[in-house]
Each structure stands twice: as C-alpha cells, then as structure tokens.
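*Asks:* My questions concern the predicted model and sequence given below.
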Amino acid sequence: MTENASVKDYLMLHFIVAIWSITAILGILISIASIELVFYRTLIASAMLGLIFLWKKTSIRVSKSELIKIIGTGFLISIHWILFFWAARVSTASVCLAGMATTSLWTAFLEPIINKKKIKGFEVFLGLLVISGIYVIFRFEWGYWLGLSMAIGAALMGALFSVINGRLTKRHSPYVLTFYEMLGACVFAFMMLPVYAFFFAENGLQLIPAPMDWLWLLILSGICTVYAFSVSVELMRRITAFAVNLTVNLEPVYGIILAVLILGEREKMTPGFYYGTVIILISVLIYPIYNYILKRRMAKRMLGS
C-alpha cells in the first residue's frame, strides 16, 4: 500500500473496478457505434454533474491554464473509451478487457517519466508479467487480433490520463475535475463524428439511440462514469497511478465472469485465454504483497536506527 492509503481505500478501489467491469458488456448491449456511445456517455455524465453543481451552488472555477490541461486530459479519455468500446465490438467483451490489462505496463514507464522519478524495476517486471499473459491469450485467440490491439491502444491512453490525473487531483476537486474532463471528452467525440461518418460508417451516423439504449446509457453515465470515475480520481490522492492501474487489471477477471453469465455462449473462450488471464491475476496479487513486505522492512530499519 502507499503511505496514505488504507484497507478501506483498496476495498473501495476493487468495488469501483467491479463496476467498470460491466462497461464492455454495456458497450455491446448498446446498439449505436462506439464514437456515438462515447459522445452520449460523456454528454449525459457532464450534464448530471452540471445539474448537481447548480443545485448545490458549487463553484467550478479553475484557471485558464488548468482548464486547458483538464480539457486536454478529457480528449485522451475520449480516445481511450472510443478504442475500448470499438475493441469490444470487433472482438468480444472478454478480449477487450484482457487487452486493457496492459495498462499497468504502460503506467510503469509513463508515471516515472511524467513525474520525473526513477523507473522501478519491480513495476516493470510486473508489467512484463501481464504482457506474458497477453501473449498467451494472443496465441490461442489470434482471430481477435484487431480487437486486442485496439484494447491495448485504449490501455495506453488509460495509463496516460491516469498518470496526469494523479497530478491534477492534488489541485482540484475530483468532481470538478470529472466534470471538465467529461466535457472535454464529449467535445472530442463530437468533433470526431464527421470523421467517423466519412471513413467508417457504412450506413451513416445513428444519432438517435434506440429506446433500450437510453437505459444502458444512463447506467453507463451515472454509475460507471459520474460515480465510479469521480471516486477513482479521489482515491488517486492516496493511491499511486501504478497501484490503481494494476488493480484495474482485475477488470477482465470480473468482466469475463459477468460476460459469460450475461452474454452466454458468445463470450466462452478457449482454455488458453483463461490461462493468460490467470497470469494477469497473479501479477495483481503480487504487487500488494510486495509492498507490504517492503513497508515492514523499512519500518524495522527505522526502529533499528
């Protein structure tokens, strides 16, 4: 654990990851394309937060320079989600979630670079262990290479905005931060709609979701975005970006179980897929154990000095 993190913080983090694990499933259940889905998700989320701020008369003022940084981070979040949902569409929810597990490896390199700290060899090792799990999955599920590649790209974007948020959350309220980031993500998705329509949409844009889509979008926006995203940002005040993203590697474990239960046969994979997922799970379990041992050794040294 990090210096200021409690057991309660880590339990809450696991609860948030369990909530996030249903997002890929919701992305498949919603009929509109991924870019339109992200547009509506972020539009509804920012509108919800805006109404809450209006009702509570909360000040959301930030300086112009900070606003540009936050909106820019929102652009990264938009790219992350577009790739994430697109990956689930061209493969399966399980493959998409497995690809997202590479987030920890990207974070192991990005966090020290952005925060100007030394790269920790053990974190790189755990990240490589995750990659070995992805390799096993690739060997047995090569037919899903496009979806897995998109998910890995989404993981890179996820690692980048998580590290940046780790810095921003020290200066801003997590809810104000989430509001502007969702606004930025919405603006980016809106700007990309014509690009998607011209290059990828064979039947044009579907700007009006089906009636059932609205229910899934409200769950995705309210619970999986406004609530879960804001709480995760708040937790990053006490938990490092690497520890957060390594725990997020449990998302495929939770998500794969739920996907099989909810979506049935289409989510059942070969044994090799599950072998790879077990390797990913092992890397998640090693990290807190290693930190616990390291913390005890440091405490003993301090008592002995």
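*Replies:* Thanks, I have the structure now. Numbering: from 1, shown residues only.

*Asks:* list the buried ones in the host helix or strand of Asp213?
*Replies:* Counting by DSSP states H and E, the element that carries Asp213 is helix 211-221. For helix 211-221, burial by neighbour count (16 or more other C-beta atoms under 10 Å) applies to 213, 216-217, 219-221. Heads up, the C-betas are built off the backbone N, CA and C, glycines and all.

*Asks:* excluding its backbone neighbours, what's nearest Cys186?
*Replies:* Excluding the flanking residues, the one nearest Cys186 by C-beta to C-beta, 6 or more residues apart in numbering is Thr42, at 3.8 Å.

*Asks:* Now find how far off-centre stretch 179-190 is within its chain.
*Replies:* Its chain's C-alpha centre and that of stretch 179-190 lie 16 Å apart, by C-alpha atoms, centre = their mean, to the nearest Å.

*Asks:* just the angle between the helix or strand hosting Leu193 and helix 211-221, please?
*Replies:* Per DSSP H and E: Leu193 is located in helix 174-199. Using axes from the mean of the first three to the mean of the last three C-alpha atoms, to 10 degrees, the direction of helix 174-199 lies 140 degrees away from that of helix 211-221.

*Asks:* Measure how far helix 174-199 is from the centre of its chain, please.
*Replies:* Its chain's C-alpha centre and that of helix 174-199 lie 16 Å apart, by C-alpha atoms, centre = their mean.

*Asks:* ok, and for that helix, which residues are buried?
*Replies:* Neighbour counts over helix 174-199 (16+ other C-beta under 10 Å) mark 174-190, 192-193, 196 as buried.

*Asks:* one step back: got the phi and psi for the residue nearest to Cys186?
*Replies:* Backbone geometry at Thr42, expressed as degrees, to the nearest 10, gives phi -70, psi -30.

*Asks:* quick one, what contacts it?
*Replies:* Neighbouring residues of Thr42 by C-beta atoms under 8 Å, 6 or more residues apart in numbering: 74, 78, 81, 182-183, 185-186, 189, 221, 225.

*Asks:* can we see that at 7 Å?
*Replies:* 78, 182, 185-186, 189 (C-beta atoms under 7 Å, 6 or more residues apart in numbering).

*Asks:* Likewise for Gly153?
*Replies:* By C-beta under 7 Å, 6+ apart, the residues touching Gly153 are Leu83.

*Asks:* Kindly report the same for Met100.
*Replies:* Contact analysis of Met100 by C-beta under 7 Å, 6+ apart lists 151, 154-155, 158, 251-252.

*Asks:* Save those residues as TSV, and put in pLDDT too.
*Replies:* Compiled in TSV, those are given as follows (pLDDT from 0 to 100):
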residue	pLDDT
Ala151	91
Ala154	94
Ala155	90
Gly158	90
Glu251	75
Pro252	72
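
*Asks:* Tell me the one of those nearest Leu37?
*Replies:* Distance to Leu37, by C-beta to C-beta, is smallest for Ala154 among those, at 13.5 Å.

*Asks:* re earlier: closest to Leu51 out of the buried residues of helix 211-221?
*Replies:* The nearest member of these to Leu51, counting by C-beta to C-beta, is Ser221 at 12.3 Å.

*Asks:* No further questions, thank you.
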